[in-house]
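Q: I would like the atomic coordinates for the input below:
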Amino acid sequence: IHMTGDSGDGFVFGAGSTGSFLQGLEVSGFARGVMVMADGITIGTDCDVAFDARERNVIYDSSVFDIRIEEASETLVRGNYLGVRSDGVTAESLSGSEAVSIFGAEADDNTIGYVEGTSGVCSLELQRNIIGAAGDVSGIRIESGAPNIEDGDALLAPDNVRVSGNHIGIGVDGASNIAGMGSGVDLRRGATLNIIGNDGDGIDDDLEGNLIANWGANGVLVFRTGFNRIAGNTIVDNALHGILARGTENTIQQNVTGNNAANGIRIGAGCNGCLVYGNFVGTDDLDGADLGNGEAGIYVHPGLSGVRVGGSETGQGNRVSFNGEGGIVIDGLFCFGSACTADREPTTDFLVEGNTVTNNDLFGIQILGTDVSSSGTPGTGTVRDNTVENNNGVGIALEAASPIVQNNEASSNTSYGIQILSGYSDS
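A: Model (predicted):
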């Protein structure tokens with residue numbers, strides 16, 4: 001059955017529809033393909049073994065949202081083609097529609113894609129959503145009407161949303177570009193405690209990662225909200241950063257980020273206490289392929305506190321290779337206009353530990369200007385137990401920075417193993 005329209009809503013699940021199903025339909029041309037405002041709705045396969053392959057919905061060419069989950073919980077969206085036509089490789093033609101919008105304080109515990117522990121009865125391929133978009137919009141957006149809250153707020157915004165096992169911006173064939181010009185996944189306005197990828201509990205973690213590619217902005221954007229987990233995803237070929245995180249104590253773990261035009265992982269303003277563990281940045285986890293990002297592999301914004309890039313426990317170190325503007329950058333100098341002289345805070349309590357940093361251009365690890373602040377207070381941090389080899393430049397470069405540097409192996413770089421330069425001036 002193919003339902004078409006030119007405005008309004010294709011389907012609305014409102015009061016009294018809790019526990020309903022939408023399966024096996026093609027829906028196109030509405031403003032909002034599906035509106036979900038009741039709890040416990042299933043859109044797509046129910047994985048009951050009866051006709052699961054026929055339960056896919058194809059929803060596209062909506063002018064506002066393909067699926068909007070508004071103040072509703074425990075929605076299950078799996079096995080659908082969203083923002084893409086029924087062949088799974090042809091992007092929708094109508095610009096401006098997000099494939100999935102999750103909105104509101106009560107929009108908690110929703111699942112987009114694979115459900116942990118179900119592969120024995122329902123394959124990942126049956127549960128995977130193929131998600132595309134057109135125009136300047138994101139594939140999946142998770143937010144509320146609240147202002148931006150650096151720590152996030154589960155009382156005001158969606159929490160415990162799972163996005164797992166999907167193709168986001170790439171067709172069912174694993175190759176076709178169906179992405180829009182926004183970010184693949186966008187979290188903001190208080191969205192917190194959400195998981196994009198795996199939960200790290202050892203159950204089906206290898207099935208829970210998303211493939212996120214080809215977006216005109218970032219693969220994943222966490223904008224001024226905190227305590228979210230981005231883990232186990234493959235994030236490649238995006239026009240800005242693979243992952244850009246702003247907000248408190250977000251965790252970025254075990255992702256592959258490569259061939260992105262800017263940074264593989266960018267820890268942005270407000271990302272105090274953010275954790276960057278066990279990622280493959282500019283390379284992969286299989287054979288060490290060259291997937292270099294255009295700029296630095298991992299970049300940490302000035303003035304932050306408590307950022308961890310790697311660690312001492314098994315699996316916490318990152319492998320950072322083949323990136324165009326260095327491997328790991330802890331930057332204390334980047335600033336905007338008058339803030340350069342008036343409002344600089346030192347970068348404090350950072351840790352760069354246990355990483356393998358190889359074959360990057362310019363340098364392996366750079367700690368730049370972390371002691372520069374408007375108050376004159378120096379920064380604090382530690383660089384230890386890293387392997388820094390075969391980089392096209394200095395292995396470990398320190399400038400206007402005084403971290404503790406110990407037990408690193410810096411060898412076979414084309415310039416100094418460790419270079420220390422003092423002083424910095426804005427003039």
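Q: Just checking, which helix or strand of the protein averages the lowest pLDDT?
A: Here the helix or strand of the chain ranked lowest by mean pLDDT, DSSP states H and E is helix 339-342, holding a mean of 53.
Q: Would you mind identifying the next helix or strand past it?
A: As assigned by DSSP states H and E, the chain's next helix or strand after helix 339-342 is strand 350-353.
Q: And that following strand, what's buried?
A: 350-353 (16 or more other CB atoms under 10 Å). Where C-beta positions appear, they are placed from N, C-alpha and C, glycine not excepted.
Q: Could you do stretch 265-278 as well?
A: Buried residues in stretch 265-278, counting neighbours by 16+ other CB under 10 Å, are found at 265-268, 270-278.
Q: Show me which pair in the residues you listed is furthest apart.
A: Spatial extent of the buried residues of stretch 265-278 (CB to CB) is set by the pair Gly270 and Gly278 at 23.0 Å.
Q: which element is Ser101 on?
A: In this structure, Ser101 sits in strand 98-103 according to DSSP H and E.
Q: Compute the mean per-residue pLDDT across that strand, please.
A: Averaged over strand 98-103, pLDDT sits at 96.
Q: what does that strand rub up against?
A: 64-71, 77, 82-83, 110, 112, 131-133, 137-145, 158, 161, 182 (CB atoms under 8 Å, 6 or more residues apart in numbering).
Q: Relative to Ala400, how far out is the residue nearest the centre of the chain?
A: Nearest residue to the geometric centre of the chain (CA atoms, centre = their mean): Val220, 2.9 Å. Between Val220 and Ala400 the computed distance is 31 Å (CB to CB, to the nearest Å).
Q: Likewise for Gly113?
A: From Gly113 over to Ala400 the distance is 45 Å, taken as CB to CB.
Q: Equivalent analysis for Gly44, please.
A: Separation of Gly44 from Ala400 (CB to CB) stands at 54 Å.
Q: Repeat that for Ala296.
A: Look at Ala296 and Ala400: by CB to CB, they are 18 Å apart.
Q: Between the two, tell me which one has more neighbours.
A: A count of neighbours by other CB atoms under 10 Å puts Ala296 above the other of Ala296 and Ala400, at 28 against 19.
Q: Surely the more buried one and Gly327 touch.
A: Yes: with contact defined as CB atoms under 8 Å, Ala296 counts as touching Gly327 (7.0 Å).
Q: any idea what sits nearest Leu333, other than its immediate chain neighbours?
A: Leaving out its chain neighbours, the residue that sits closest to Leu333 by CB to CB, 6 or more residues apart in numbering is Gly369, at 3.6 Å.
Q: Tell me where the stretch 201-350 of the chain has helices.
A: With DSSP state H, counting those that start in this stretch as the criterion, the stretch 201-350 of the chain has helices at 205-208, 339-342.
Q: hang on, the earlier thing: distance to His167 added to the buried residues of strand 350-353, as CSV?
A: Formatted as CSV, the buried residues of strand 350-353 follow (distance: CB to CB, whole Å):
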residue, distance to His167
Phe350, 35
Leu351, 34
Val352, 33
Glu353, 34
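Q: Show me which of those residues is closest to Asn413.
A: Distance to Asn413, by CB to CB, is smallest for Val352 among those, at 16.1 Å.
Q: Distance-wise, check that closest one relative to Arg162.
A: For Val352 relative to Arg162 (CB to CB), the value is 31 Å.
Q: Same question for Gln254.
A: Distance of Gln254 to Arg162, computed by CB to CB: 16 Å.
Q: Tell me, what's the model's pLDDT at the closest residue to Ser86 other than its chain neighbours?
A: Nearest residue to Ser86 in three dimensions, chain neighbours excluded: Val58, at 4.7 Å (CB to CB, 6+ apart). The score at Val58 is 98. That number is its pLDDT.
Q: same deal with Ser95?
A: 66.
Q: Would you mind measuring the gap between the ends of stretch 53-60?
A: 19 Å (CA to CA, to the nearest Å).
Q: ok, residues contacting that stretch?
A: For stretch 53-60, the external contacting residues (CB under 8 Å, 6+ apart) are 10, 22-28, 33-34, 43-46, 66-67, 79-86, 92, 94, 126.
Q: repeat that for 6 Å
A: For stretch 53-60, contacts defined as CB atoms under 6 Å, 6 or more residues apart in numbering pick out 23-28, 33, 44-45, 66, 79-83, 85-86, 92.
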